[in-house]
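[1] Need a 3D model of the following:
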Amino acid sequence: MEPIKYADLPAFKVMGLKYHGDNAHQEISQMWGELNKRAKEIPIKGECAYGVCTMLKDAPPGVFEYVAGFKVENYDKIPDGMVVVDVPANHYAVFAHHGSLETLKATYEHIIHWIHRAALTPQSGYDMEVYTDEFKDFAPDSVFYIYEPTK
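    Sure, this is the predicted structure:
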């Protein structure tokens, strides 16, 4: 799997719900369902949804943090139970995930293999999923994008 493109993005903020764990029971999918019900509480800027995944240095293997949310510019307060995460300016290799949720793990494995093969070092301990209007809830023709910070 090769990147479909490279992109330079400025820093921005994402407001939404945060999950901490290993997603063993598809908790992230459930959290997205909750977020979609509460989206009107967020002063959304733009049309994409974001999943910002942070690797934790001292966590057990497979445990990470994931913020499902939307880009915000200005906000007066953070709704109850929500957080704001800062996404730093970065250079990204962009990959496409096509189709079902069941094949997402394989997509990430291909991305990790590509990063190692390209002798790149993931930057900043995070990656980001970007959901555009091409995302169709993991239908066969569904697409979303995985942004891997690289140097």
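
[2] Now do the strands in the protein.
    All strands of the chain, identified by DSSP state E, fall at 5-9, 12-21, 44-55, 64-72, 83-87, 90-98, 126-131, 143-149.

[3] so what does the helix or strand bottoming out on mean pLDDT in the chain touch, helix or strand wise?
    Here the helix or strand of the chain ranked lowest by mean pLDDT, DSSP states H and E is helix 104-117, holding a mean of 89. Other elements packing on helix 104-117 under the criterion 3 or more Cβ pairs under 8 Å, 6 or more residues apart in numbering; DSSP states H and E are strand 90-98, strand 143-149. For the C-beta atoms, the positions are set from N, CA and C on the backbone; glycine is no exception.

[4] Residue 66: neighbour count?
    Residue 66 has 22 neighbouring residues, counting by other Cβ atoms under 10 Å.

[5] My guess is it contacts residue 52. True?
    Yes: with contact defined as Cβ atoms under 8 Å, residue 66 reaches residue 52; the gap is 7.1 Å.

[6] Where does the prediction get shaky in the chain?
    120-124 (pLDDT under 70).

[7] can you tell me how far the residue of the chain most remote from its centre sits from residue 17?
    Farthest-out residue of the chain from its mean C-alpha position, per Cα atoms, centre = their mean: residue 76, at 24.2 Å. Remark: distance between residue 76 and residue 17 (Cβ to Cβ, to the nearest Å) = 19 Å.

[8] again, but for residue 111
    Shown here: residue 111 relative to residue 17, a distance of 24 Å by Cβ to Cβ.

[9] Excluding chain neighbours, what is closest to residue 128?
    Sequence neighbours aside, residue 147 is the residue nearest to residue 128 in space, at 4.4 Å (criterion: Cβ to Cβ, 6 or more residues apart in numbering).

[10] Okay, and the beta partners of the one you found?
    Listed by DSSP bridges, the beta-bridge partners for residue 147 are residue 94, residue 128.
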